[in-house]
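Participant: sequence plus predicted model, see below.
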Amino acid sequence: MDIAVPEEASEAASNQSAWRQWLMVAGLVYVLICAVGLIGSGFKTATGSQAKEMFEFATNPFAGLVVGTVATALIQSSSTVTSIIVGLVAGGLPVSVAVPMVMGANIGTSITNTIVSLGHVREKKEFARAFSAATVHDFFNLLSVVIFLPLEMATGFLEKIGSALAGIFVVGDASMGGLNFVKAATAPVVNFFKQSVEGMGTTGGGIALILAGIVLIFLSIHYVGKLLKTLMVGKAKELMHAAIGKGPVSGIFSGTLVTVLVQSSSTTTSLMVPLAGSGAFGLKQIYPFTLGANIGTCITALLAATAVDGNAAAALQIAFIHLTYNVLGVLFIYGVPMLRYLPVKAAEWLGETASENKLVALAYILSVFFVIPGMCLGVTSML
């Protein structure tokens with residue numbers, strides 16, 4: 001009996017700690033939604049009717065793609081970048097400019113697990129497996145852009161689908177039904193910040209709101225990620241072990257679920273790298289799980305779009321475009337036998353090559369995420 005009491009007390013303390021952490025997560029999600037509202041409000045205040053003119057430089061889709069890729073590679077969080085994009089769209093950034101940006105965010109986010117794979121560099125075979133598992137995400141996202149960006153430029157089909165989906169939830173600029181309470185709940189915080197910068201003028205005040213929103217997004221996503229890793233990563237690993245090897249549908253679903261739980265595709269895909277490096281799972285087993293992570297990461301932008309200060313319809317539209325793009329990418333690339341394993345073959349080849357010459361891995365990371373995008377941006381700015 002003497003031993004059981006401390007054990008019960010310890011379990012009760014652990015449960016209380018978990019509840020406190022979940023309350024902190026809820027509070028930080030609230031801060032995230034407020035932050036997106038601040039960005040939209042600030043962008044609208046600073047630019048007024050000149051918003052579209054400000055983004056004329058990015059009317060070239062390749063420029064938008066590069067901006068999304070480099071920004072996400074530097075920040076190492078597609079959730080942060082897409083949340084910022086949602087806020088900008090709510091404030092007046094044209095949706096057509098934002099579409100390539102969210103595509104670029106998909107590419108940029110895969111730098112994290114590619115860097116994680118470098119931890120296996122000392123063991124040749126282990127590094128080959130780990131680097132292949134990391135870069136299969138890169139190659140899938142690159143192939144998805146190659147297929148869907150030209151189609152979007154020619155037909156605007158993603159914009160149309162996003163608009164149709166957003167129309168289900170939005171009437172005019174007011175959210176329907178259950179979404180109203182979110183905007184109402186965040187309004188006091190957004191209004192407080194707006195009143196705080198009134199003396200700075202429209203441009204200065206707008207820029208201050210945008211900067212405040214970006215800082216709050218960084219902080220909220222950073223600390224939400226840390227808390228969720230503590231609360232969920234152990235369970236995420238269990239789920240991953242249980243799902244991988246049970247077939248592609250199970251793998252995709254589990255990858256989606258784990259990413260929703262930890263709010264980070266970078267975390268989900270990085271969890272797989274050591275498993276691949278150790279040889280516990282093959283690349284073809286891990287591949288579907290990676291695809292699910294692409295879908296699961298869309299939850300942050302959808303959450304952020306439920307309460308914005310500005311064009312709610314456009315904010316929801318770009319969030320649904322992000323989701324539609326990732327779902328169609330999985331359905332089309334994995335569903336077509338000829339395309340299905342192209343990312344796997346490319347990743348296997350690169351993994352073997354990099355294991356033979358470690359400088360290839362460094363050159364790959366620098367060129368794909370920074371050098372080539374920078375060159376493309378330079379060229380497009382001269383056109």
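Facilitator: Received it, and whenever you're ready, just let me know what you need. Numbers count the residues shown, from 1 in each chain.
Participant: would you map the helices across the stretch 151-300 of the chain?
Facilitator: Under the criterion DSSP state H, counting those that start in this stretch, the stretch 151-300 of the chain carries helices at the ranges 157-169, 180-196, 201-243, 248-262, 265-278, 283-296, 299-305.
Participant: to Phe332, which of those helices lies closest?
Facilitator: Of all the helices of the stretch 151-300 of the chain, it is helix 283-296 that lies closest to Phe332, at 11.2 Å by CB to CB. All C-beta spots, glycine's among them, are computed from the backbone N, C-alpha and C.
Participant: returning to what we had before: a markdown table please, covering the helices of the stretch 151-300 of the chain and showing mean pLDDT and mean neighbour count.
Facilitator: Converted to a markdown table, the helices of the stretch 151-300 of the chain look like this (pLDDT from 0 to 100; neighbours: other CB atoms under 10 Å):
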| stretch | mean pLDDT | mean neighbour count |
| --- | --- | --- |
| helix 157-169 | 89 | 17 |
| helix 180-196 | 73 | 15 |
| helix 201-243 | 71 | 18 |
| helix 248-262 | 82 | 22 |
| helix 265-278 | 76 | 23 |
| helix 283-296 | 89 | 25 |
| helix 299-305 | 79 | 25 |
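Participant: turn the ones you listed into TSV, columns for distance to Ile85.
Facilitator: Putting these into TSV (distance: least, CB to CB, whole Å) gives the following:
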stretch	distance to Ile85
helix 157-169	13
helix 180-196	18
helix 201-243	11
helix 248-262	18
helix 265-278	16
helix 283-296	16
helix 299-305	8
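Participant: quick one, which of these gets closest to Gly108.
Facilitator: Between Gly108 and these, the shortest gap by CB to CB is with helix 265-278, which sits at 10.1 Å.
Participant: and the closest one, what does it pack against?
Facilitator: Helices and strands touching helix 265-278, as assessed by 3 or more CB pairs under 8 Å, 6 or more residues apart in numbering; DSSP states H and E, comprise helix 78-91, helix 111-116, helix 124-155, helix 201-243, helix 248-262, helix 283-296.
Participant: please redo it, this time with the cut-off set to 10 Å
Facilitator: Taking 3 or more CB pairs under 10 Å, 6 or more residues apart in numbering; DSSP states H and E as contact, the helices and strands that helix 265-278 lies on are helix 78-91, helix 95-109, helix 111-116, helix 124-155, helix 201-243, helix 248-262, helix 283-296.
Participant: and it with helix 124-155, angle?
Facilitator: In terms of direction (axes from the mean of the first three to the mean of the last three CA atoms, to 10 degrees), helix 265-278 departs from helix 124-155 by 140 degrees.
Participant: before we move on, the earlier item: and the helices of the stretch 151-300 of the chain: which comes nearest Leu93?
Facilitator: helix 201-243 (11.4 Å).
Participant: correct me if wrong: Ala361 contacts Gly119.
Facilitator: No. At 11.7 Å, Ala361 and Gly119 do not qualify as touching, with contact defined as CB atoms under 10 Å.
Participant: joint contacts of the two?
Facilitator: Common contact partners of Ala361 and Gly119 (CB atoms under 10 Å, 6 or more residues apart in numbering): Phe127.
Participant: neighbour-wise, which of those two wins?
Facilitator: Neighbours per residue, other CB atoms under 10 Å: of Ala361 and Gly119, the larger number sits with Ala361, 23 against 13.
Participant: would you say that one is within a helix?
Facilitator: Yes. Counting by DSSP: H, G, I helix; E, B strand; the rest coil, Ala361 falls inside a helix.
Participant: excluding chain neighbours, give the residue nearest to it in space.
Facilitator: Nearest non-adjacent residue to Ala361, counting by CB to CB, 6 or more residues apart in numbering: Ala354, 4.1 Å away.
Participant: any idea which element that neighbour lies in?
Facilitator: Counting by DSSP states H and E, the secondary-structure element that holds Ala354 is helix 342-356.
Participant: for Ala185, see how far away Pro248 is.
Facilitator: Remark: distance between Pro248 and Ala185 (CB to CB, to the nearest Å) = 40 Å.
Participant: now do Val344
Facilitator: Separation of Val344 from Ala185 (CB to CB) stands at 45 Å.
Participant: Leu165 too?
Facilitator: With distances defined as CB to CB, the gap from Leu165 to Ala185 amounts to 23 Å.
Participant: so who does Gly162 touch?
Facilitator: By CB under 10 Å, 6+ apart, the residues touching Gly162 are 95, 98-99, 156, 313-314, 316-325.
Participant: same thing with Cys298?
Facilitator: Applying CB under 10 Å, 6+ apart, one finds that Cys298 lies in contact with 78-79, 82, 102, 106, 256, 259-260, 265, 319-327.
Participant: now do 7 Å
Facilitator: His322, Leu323, Asn326 (CB atoms under 7 Å, 6 or more residues apart in numbering).
Participant: ok, and the closest non-adjacent residue to the second one?
Facilitator: It refers to Leu323. Cys298 (4.2 Å).
Participant: residues in contact with the strand or helix carrying Leu366: which ones?
Facilitator: Using DSSP H and E, Leu366 falls within helix 358-366. Counting by CB under 7 Å, 6+ apart, the neighbours of helix 358-366 from elsewhere in the structure are Ile111, Thr114, Leu118, Val121, Phe131, Leu350, Thr353, Ala354.
Participant: next, the buried residues of that helix.
Facilitator: Of the residues in helix 358-366, those buried under the neighbour-count criterion (16 or more other CB atoms under 10 Å) are Val360, Ala361, Tyr364, Ile365.
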